[in-house]
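Asker: no letters, just coordinates:
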């Protein structure tokens, strides 16, 4: 048995006890109506229940799968091998699921879980692993896997008892996370380590403590546990969640910069944007106007330019593009987590379309349904949406970088160069531009699409990729970098506003901008004289992430 001893428990510092789970709200899973918020609720301790109709569907699907095996139907991962070994016949039932046949099936299941457990890298955080378990349980409950019903019960028991398999975070090309999710099955059969009540231990010990019997896999259990996209889509969900928060604070962060610049509100008026109503542009401009409600920018000012730099004037377009990309990703995730991504697909009551053709008829089980080869493991729609959001957010972060540079430029603000306070003869904000430029260069590299990268493997059968996990990692990092950039932008905009208030103590800010300004100043004070800015940048980044 593999024993992991060098686990960074600080990154896995979530352990759910059974009593905590029962004290939390419950989530009933039925394979169809799972929400992302429910997934995070489960990650944070909500009790998991299985809808009665879904439990019944599991029984029927498993019976259909085993009947297909009994009849000698060619079933990938059941009667024949997987990958290049799909041409290897595992057993011939000859009309009977004899003890010898069942023994062969179980042997293949154990071997499959062992041979596919080949991930690398740091373990997934416990919270994300719990989301992945919840996602996979829900897709199993859609009724198309054919697993033993006890497999679903084990997922539920693991979640409700706080047993979290240790899953490596790297080793997937985005066509089902087979080398990562296999560790879940390995834990369920008692051959891997888990986190239980905050402590790493063998899954055998944890299940014994929790009163849970290990899995004795048969049929398509192993393949269903390992061949799915629950790990990668969990990271896509994390990227979506983080990006959503970033975009919620974006209008106010921008509006503070517009106030610091003494900028023009014209690009955000309904009169100008109703001319060309791109998706979400109306919402983006309305959010900026709302943030500026009550601001001095609505009053005429002789020093205000007719037109500001493009990074100010076009920001509503970057927001609207990001809003659209966020909505698209949310929709793709919702579809992904509420439908089976299994291959093959077990379909109870499948229609007989094209069944008069001998190629199709061999997948059908008369009177019950069928077991069909599928490409439902393909997560390309999610990967493309992840990458589109990454690109959109990199436009957002570009504008942030340019706005921050302009705030240091006395040509645009008519304030002291680099926003130096009176009496500060030092460098002020002249040097810290390099930090947000570094972040933006990283974002540009991270936004490059990765979904078509890869090398043909498995005997040249697996020759296309999505790299969904990598794309999602990149999205998460883009948001993290932009949090840093927004924090730096706030350091500049609030400094500019304070300098304007020194000249005009009655300067009016918008209701939303003033609220953010006051909250920020509690964390990062006005820069009267040069000081180390590293702590300020750290505090500013944390402020954005938590606001």
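Answerer: Arrived safely, thanks for sending. Please read all numbers here as calculations on a predicted model, not as lab measurements. Numbering: from 1, shown residues only.
Asker: show me where the stretch 251-400 of the chain has helices.
Answerer: 270-273, 281-291, 310-313, 315-336, 358-361, 380-407 (DSSP state H, counting those that start in this stretch).
Asker: for residue 317, give its distance to residue 45.
Answerer: Counting by C-beta to C-beta, to the nearest Å, the separation of residue 317 from residue 45 is 41 Å. Using the backbone N, CA and C atoms, a C-beta is placed for each residue, glycine as well.
Asker: again with residue 472
Answerer: Taken as C-beta to C-beta, the span from residue 472 to residue 45 is 24 Å.
Asker: likewise residue 62?
Answerer: Remark: distance between residue 62 and residue 45 (C-beta to C-beta) = 30 Å.
Asker: so for these two, which sits in the more crowded spot?
Answerer: Applying other C-beta atoms under 10 Å to residue 62 and residue 45 shows that residue 62 carries more neighbours, namely 23 against 19.
Asker: OK, contacts around that one?
Answerer: 146-149, 219 (C-beta atoms under 8 Å, 6 or more residues apart in numbering).
Asker: same thing with residue 154?
Answerer: Residue 154 touches 188, 212, 215, counting by C-beta under 8 Å, 6+ apart.
Asker: returning to what we had before: for residue 49, state which of the contacts of residue 62 is nearest.
Answerer: Among these, residue 149 lies closest to residue 49 (C-beta to C-beta), at 14.5 Å.
Asker: so where do the strands sit in the protein?
Answerer: For the chain, the strands defined by DSSP state E cover 26-29, 47-50, 120-123, 163-165, 168-170, 193-196, 199-202, 345-348, 364-365, 369-372.
Asker: next, format the ones you listed as a markdown table and append mean pLDDT, mean neighbour count and distance to residue 418.
Answerer: Putting these into a markdown table (pLDDT from 0 to 100; neighbours: other C-beta atoms under 10 Å; distance: least, C-beta to C-beta, whole Å) gives the following:
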| stretch | mean pLDDT | mean neighbour count | distance to residue 418 |
| --- | --- | --- | --- |
| strand 26-29 | 98 | 18 | 52 |
| strand 47-50 | 98 | 19 | 55 |
| strand 120-123 | 97 | 14 | 40 |
| strand 163-165 | 98 | 27 | 49 |
| strand 168-170 | 97 | 17 | 41 |
| strand 193-196 | 98 | 25 | 49 |
| strand 199-202 | 97 | 16 | 50 |
| strand 345-348 | 95 | 24 | 62 |
| strand 364-365 | 92 | 20 | 74 |
| strand 369-372 | 94 | 24 | 66 |
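Asker: so which of those strands comes closest to residue 267?
Answerer: Proximity to residue 267 (C-beta to C-beta) singles out strand 168-170 among the strands of the chain, at 42.4 Å.
Asker: adjacent strands (with direction) for that closest one?
Answerer: The pairing partners recorded for strand 168-170 under DSSP bridges are strand 120-123 (antiparallel).
Asker: gap between the strand it pairs with and the chain center?
Answerer: Distance of strand 120-123 from the chain centroid (C-alpha atoms, centre = their mean, to the nearest Å) equals 18 Å.
Asker: hmm, back to that, now the helices of the stretch 251-400 of the chain in JSON lines, with distance to residue 120, mean pLDDT and mean neighbour count?
Answerer: Formatted as JSON lines, these follow (distance: least, C-beta to C-beta, whole Å; pLDDT from 0 to 100; neighbours: other C-beta atoms under 10 Å):
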{"stretch": "helix 270-273", "distance to residue 120": "49", "mean pLDDT": "91", "mean neighbour count": "12"}
{"stretch": "helix 281-291", "distance to residue 120": "41", "mean pLDDT": "97", "mean neighbour count": "20"}
{"stretch": "helix 310-313", "distance to residue 120": "41", "mean pLDDT": "97", "mean neighbour count": "17"}
{"stretch": "helix 315-336", "distance to residue 120": "25", "mean pLDDT": "98", "mean neighbour count": "21"}
{"stretch": "helix 358-361", "distance to residue 120": "40", "mean pLDDT": "93", "mean neighbour count": "10"}
{"stretch": "helix 380-407", "distance to residue 120": "21", "mean pLDDT": "98", "mean neighbour count": "23"}
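Asker: burial measure for residue 496, as a count.
Answerer: 23.
Asker: going by distance to residue 326, which of the contacts of residue 154 wins?
Answerer: For these, the residue nearest residue 326 by C-beta to C-beta is residue 188; the value is 35.2 Å.
Asker: grab the nearest non-local neighbour of that closest one.
Answerer: Among residues not flanking residue 188 along the chain, residue 215 sits closest, at 4.1 Å (C-beta to C-beta, 6 or more residues apart in numbering).
Asker: you'd agree the one you found is up against residue 207?
Answerer: No. Residue 215 sits out of contact with residue 207 when judged by C-beta atoms under 8 Å, with a separation of 9.5 Å.
Asker: for the chain, give me the ranges with low pLDDT.
Answerer: Applying pLDDT under 70 to the chain flags the ranges 1-24, 76-95.
Asker: before we move on, back to that, so which of the helices of the stretch 251-400 of the chain comes closest to residue 349?
Answerer: Residue 349 lies closest, by C-beta to C-beta, to one member of those: helix 358-361, at 15.8 Å.
Asker: which other residues reach the closest one?
Answerer: Residues contacting helix 358-361 (C-beta under 8 Å, 6+ apart): 353-355.
Asker: what do you get for stretch 509-528?
Answerer: For stretch 509-528, contacts defined as C-beta under 8 Å, 6+ apart pick out 249, 251-253, 255-256, 259, 290-297, 419, 421, 423-424, 428-429, 490-491, 494-495, 497-498, 536, 539-540, 542-543, 547.
Asker: from these, which would you call buried?
Answerer: Among these, the ones that count as buried by 16 or more other C-beta atoms under 10 Å are 249, 251-253, 255-256, 259, 291-292, 295-297, 419, 421, 428-429, 490-491, 494-495, 497-498, 536, 539-540, 543, 547.
Asker: how about the nearest residue to residue 450 once chain neighbours are set aside, what does it touch?
Answerer: Nearest residue to residue 450, sequence neighbours excluded (C-beta to C-beta, 6+ apart): residue 467, at 4.5 Å. Counting by C-beta under 8 Å, 6+ apart, residue 467 touches 173-174, 383, 450-451, 453-454.
Asker: what about 6 Å?
Answerer: Going by C-beta atoms under 6 Å, 6 or more residues apart in numbering, residue 467 touches 174, 450-451.
Asker: which one of the residues you listed is nearest residue 233?
Answerer: The nearest one, if we look at the contacts of residue 467 relative to residue 233 and count by C-beta to C-beta, is residue 174, at 10.2 Å.
Asker: quick check: that closest one touching residue 470?
Answerer: No. Counting by C-beta atoms under 6 Å, residue 470 is not a contact partner of residue 174; they are 7.3 Å apart.
Asker: which of those two has more residues huddled nearby?
Answerer: Neighbours of residue 174 and residue 470, each counted by other C-beta under 10 Å, are more numerous for residue 174; the result is 26 against 22.
Asker: picking up where we left off before, ok, and the most crowded of the contacts of helix 358-361?
Answerer: Neighbour counts for the contacts of helix 358-361, by other C-beta under 10 Å, peak at residue 355, which reaches 15 neighbours.
Asker: so what's that one up against?
Answerer: By C-beta under 6 Å, 6+ apart, the residues touching residue 355 are 361, 364.
Asker: now do residue 463
Answerer: residue 456.
Asker: how about it, phi and psi?
Answerer: Taking degrees, to the nearest 10, you get phi -120, psi 20 for the backbone angles of residue 463.
Asker: what is the neighbour count of residue 111?
Answerer: The burial count for residue 111: 12, using other C-beta under 10 Å.
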